[in-house]
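> here is the input, now give the coordinates:
(chains A and B)
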Amino acid sequence: MADPRRRLKLEFAAVCVAVTVLATCQSPPPQAVSINELNWVADGYDPVAALTAQPATCQAASDAPANAAAGKLLFHSPLLLGGQASKAGLSCASCHRNGRANQAFMFESISGQPGTADVTHGLFGPQRADEINNPVAIPDLALPDGQIRVARDVPGVLEAFLQAQITEEFGGALPAPVTIASLAAYIRTLDHSACAPDTIETRTWQTETGMIQDGLVQLASESIGSTRGDRALRLAIRTSLGRLHERYPQAEQTAIRSRLTRISQMVRDEVQLLDIHAELNALKLELEQQADQSLYNPVELRRALLQAR
Amino acid sequence: MTRSLMIALAMLALTSGGPAFASGGGGGGGSLPSSSGPSYDPVEEYQNGVQSLRDSDFKKAEKAFKRVVRVARTDANSHYMLGLAHFGQDEFKSAAKAFAKSVRYDATNLDAHAMLGVAHVKSDRIGKADAVLATLGELKADCAEACSNAAAIDKAIADIEAAKNPSTEATETSSLIPAITQATFEHGDLLYSDAIRLINLERYDEAIVELKAAELILGPHPDVLTYLGFANRKKGQSETALTYYSAALEIAPDHLNANEYLGEYYVEQGNLVSAQVQLMKLEALCPFGCTQTEELRAWLTPDAA
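Now for the predicted structure:
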């Protein structure tokens, strides 16, 4: 029998319960392990490894580094996609961890073997829906096989591809040109020659705050140039803050969670960026102080997962 | 394997091994009670109740389904199940009461209509049974022969007529209860996922059939209830939609999709104040942003989308 936490996962992330056999979200803080990503880890794969490490960053230099940095943040934002994928909390990075592949990825009805996805399943959207159960292996975007699928060097081709992915495959709203440009800039940097591609790297709180910082820099830039682009970026920053929130669920981390919520509100309410930066800097100190007790620490995560069972 | 074959297998698992008890059902779903919800899981209770019905332990089934309807008060399917539990104990008045509620919350549940009529007959309330027959007659007239429910309506009428004219041979009451066959959670998941696909393709009638089949397996799950509401709303059945949304929110008040779609319903009804309340609730539920909030916001301020 499949892991019960996988059942009806489209909505569960939002609905935490008191007592449940279908518990896909867990009991309230401080003991909870309510990490959305956990829902996509296939049976037989170590969830601790999946949540505390990731394929190595393989990024070459970019012609537009600020755009590429913001693109990485957007790549992790579920709100960029539309429809059911977005509602389930899936982002580009859910399948392409750190721009790479995800061999542990499993989405009931969509995946076949772990690490595959049926991208023409009508659950995500009607435009590319077919009647065939045909999951395909998720490509590593840094490896040659992943790189050659779209002509990245031809101006506009990757952009058109990404736009179609969002609007047709996932039923999302048309992104702003700057959003697509940022995503494309990020994907163009993904290159196996820039790293030892078979290695992994540790995930830390800095992984998120680095992306948040990059998002704030982009927000300050005039190149953002549109309300829609600005909104997508703000939502990407907020969901990144939410991922940090998931990793600091302990009672003694209440102040961190409060600050994360406050920063999210500041981003939403378009408070002066200088004030947001100040809050973020204060947050970083707190995150560091509690890092060992956070769920970025594999020992803590394993203990919490065992406790949650 | 084609997707349609997978779904056919799931449906087969639901209905094989005896007369189908599917086809009816109202709001189902459940499993994820909110923090303000009960200290038990209505879906787990539902599963227990179904198992007890299978085991013909009707007293135990009654206890389980009573706990379910205490939370899922407007869930037609659970009231129907409670009716079956009473019926199995020859408690025909109580059964009729439960079946009547099932019909009230989902008038399309023809199995509930049939059992309501039979329960009235069994409790010597022929006039009430005739009233059910009259209702079914009206449904049949509205439906006409080409209607997909025509056969089911005929069967419901035939069941009640048969109860009114029992053969000389005594019939065990419990044998009148439709067979409930084994189906796994995986079947329910598959049906649910496929129903969402059908909704995306705007094939709402087919989606509703699959959602109701999923509901029979899974019990009152708010995800299932929410999409029953959504599919009905898209069909123009706004009151039915509201019933399902309300049922979902009874079980899981913080359910994001149910709150979003209820907000959309209010926008469609021109009730912008209530829609705004829903948006504020979603804002509070999603301190780090979520699609449901943004989608409802777009309904309220389409120019900003």
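
> and the host helix or strand of B:Lys93, what other elements does it pack with?
Secondary structure assignment for B:Lys93, by DSSP states H and E: helix B:92-105. Helices and strands touching helix B:92-105, by 3 or more CB pairs under 8 Å, 6 or more residues apart in numbering or on different chains; DSSP states H and E, are helix B:76-88, helix B:110-122. C-beta coordinates here come from the backbone N, C-alpha and C atoms, glycine included.

> would you map out the domains in chain B?
B:3-176, B:185-304 (automatic domain parsing).

> any idea of the mean pLDDT in the last one?
This means domain B:185-304. Domain B:185-304 shows a mean pLDDT of 93.

> which secondary structure state does the residue of chain B found nearest chain A sit in?
In chain B, the residue that lies nearest chain A is B:Phe288 (2.9 Å; CB to the nearest CB). Under DSSP: H, G, I helix; E, B strand; the rest coil, the three-state class of B:Phe288 is coil.

> which one of the domains of chain B is the most hemmed in?
domain B:185-304 (a mean of 22; mean count of other CB atoms under 10 Å in any protein chain shown).

> other SSEs contacting whichever helix or strand B:Asp189 is part of?
In this structure, B:Asp189 is located in helix B:185-200 according to DSSP H and E. Here helix B:185-200 touches helix A:9-12, helix A:83-88, helix B:3-15, helix B:204-218, helix B:222-234, going by 3+ CB pairs under 8 Å, 6+ apart.

> dump the domains of chain B to JSON lines, plus distance to A:Thr207.
Formatted as JSON lines, these follow (distance: least, CB to CB, whole Å):
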{"stretch": "domain B:3-176", "distance to A:Thr207": "30"}
{"stretch": "domain B:185-304", "distance to A:Thr207": "16"}
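
> for those, which one sits closest to A:Thr254?
Nearest to A:Thr254 among the domains of chain B is domain B:185-304 (14.0 Å), distances taken as CB to CB.

> checking the residue nearest to B:Glu264 when sequence neighbours are not counted next. Helix, strand or coil?
In space, B:Glu264 comes closest to B:Trp299 once its chain neighbours are excluded; the distance is 5.4 Å by CB to CB, 6 or more residues apart in numbering or on different chains. Recorded secondary structure, B:Trp299: helix (three-state DSSP).

> from what I can see B:Trp299 touches B:Gly263, true?
Yes - if you go by CB atoms under 8 Å, B:Trp299 and B:Gly263 touch, sitting 6.9 Å apart.

> joint contacts of these two?
Shared contacts of B:Trp299 and B:Gly263 (CB atoms under 8 Å, 6 or more residues apart in numbering or on different chains): B:Ala275.

> surely B:Ala119 and B:Ala96 touch.
Yes - using CB under 8 Å, B:Ala119 is in contact with B:Ala96, at 4.0 Å.

> find the residues that touch each one of these two.
Listed contacts common to B:Ala119 and B:Ala96 are B:Gly83; contacts here mean CB under 8 Å, 6+ apart.

> contacting residues for A:Leu241?
Neighbours of A:Leu241 in contact, by CB under 8 Å, 6+ apart: A:208, A:212, A:260, A:263-264, A:267, B:288.

> before we move on, back to that, make JSON lines from the helices and strands packed on helix B:92-105 and add mean pLDDT and distance to chain A to it.
Output for the helices and strands packed on helix B:92-105, formatted as JSON lines (pLDDT from 0 to 100; distance: least, CB to the nearest CB, whole Å):
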{"stretch": "helix B:76-88", "mean pLDDT": "94", "distance to chain A": "16"}
{"stretch": "helix B:110-122", "mean pLDDT": "95", "distance to chain A": "24"}
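
> tell me which of those sits nearest to B:Lys59.
helix B:76-88 (7.8 Å).

> got the angle for the closest one vs helix B:110-122?
Put simply, helix B:76-88 runs at 30 degrees to helix B:110-122, going by axes from the mean of the first three to the mean of the last three CA atoms, to 10 degrees.

> packing partners for helix B:76-88?
helix B:42-54, helix B:58-71, helix B:92-105, helix B:110-122, helix B:204-218.

> which one's the longest helix in chain A?
Ranked by residue count and defined by DSSP state H, the top helix of chain A is helix A:227-247.

> distance from the chain centre to it, please.
10 Å (CA atoms, centre = their mean, to the nearest Å).

> identify each buried residue in that helix, please.
A:228-247 (16 or more other CB atoms under 10 Å in any protein chain shown).

> if I look at the residue nearest to B:Asn257 when sequence neighbours are not counted, how far off is B:Tyr265?
Nearest residue to B:Asn257 in three dimensions, chain neighbours excluded: B:Thr226, at 4.8 Å (CB to CB, 6+ apart). Separation of B:Thr226 from B:Tyr265 (CB to CB, to the nearest Å): 11 Å.

> who touches both of these two?
B:Tyr245.

> so the residue nearest to B:Asn257 touches B:Asn259, yeah?
No - between B:Thr226 and B:Asn259 there is no contact, the gap being 9.3 Å when judged by CB under 8 Å.

> quick one: secondary structure of the residue nearest to B:Ser193 when sequence neighbours are not counted?
Closest residue to B:Ser193 apart from its sequence neighbours, by CB to CB, 6+ apart: A:Ser109 at 3.7 Å. Of the three states, A:Ser109 takes coil according to three-state DSSP.

> what about A:Ser109, how many residues nearby?
Using other CB atoms under 10 Å in any protein chain shown, A:Ser109 has 22 neighbouring residues.

> isn't it up against A:His121?
Yes - using CB under 8 Å, A:Ser109 is in contact with A:His121, at 6.9 Å.

> B:Cys286 is in contact with B:Thr293, isn't it?
Yes - the pair B:Cys286 / B:Thr293 is scored as a contact, 5.1 Å apart, by CB under 8 Å.

> which residues touch the closest residue to A:Glu168 other than its chain neighbours?
Closest residue to A:Glu168 in three dimensions, ignoring its sequence neighbours and counting by CB to CB, 6+ apart: A:Gln127, at 4.2 Å. Applying CB under 8 Å, 6+ apart, we find A:Gln127 in contact with A:167-169, A:171.

> can I have the buried ones of the residues you listed as a ChimeraX selection?
To isolate the buried ones among these in ChimeraX, judged by 16+ other CB under 10 Å, type:
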select /A:167,169,171
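
> just name the closest of the contacts of A:Gln127 to chain B, please.
A:Gly171 (7.0 Å).

> just confirm that closest one is within a helix.
No - using three-state DSSP, the secondary structure at A:Gly171 is coil, not a helix.

> that one and A:Cys92, how far apart?
Counting by CB to CB, the gap from A:Gly171 to A:Cys92 is 15 Å.

> could you say what helices and strands the helix ranked longest in chain B packs with?
The single longest helix within chain B, with elements called by DSSP H, is helix B:126-143. Secondary-structure packing of helix B:126-143 (3+ CB pairs under 8 Å, 6+ apart): helix B:110-122, helix B:150-164.

> chain center to it, what's the gap?
The answer for helix B:126-143 is 21 Å, by CA atoms, centre = their mean.

> export stretch B:209-223 to CSV, keeping only CA atoms.
Provided in CSV are the C-alpha atoms of stretch B:209-223 (Å, rounded to 0.1, in the frame of the first residue of the first chain):
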residue,chain,number,x,y,z
VAL,B,209,-19.5,10.7,-11.5
GLU,B,210,-15.9,10.0,-10.6
LEU,B,211,-15.9,12.3,-7.6
LYS,B,212,-18.9,10.6,-6.2
ALA,B,213,-17.3,7.2,-6.8
ALA,B,214,-14.2,8.5,-5.0
GLU,B,215,-16.3,9.8,-2.2
LEU,B,216,-17.9,6.4,-1.6
ILE,B,217,-14.4,5.0,-1.1
LEU,B,218,-12.8,7.8,0.8
GLY,B,219,-15.7,9.2,2.8
PRO,B,220,-16.3,12.9,3.5
HIS,B,221,-13.0,14.2,2.3
PRO,B,222,-12.9,18.0,1.9
ASP,B,223,-10.9,17.8,-1.3
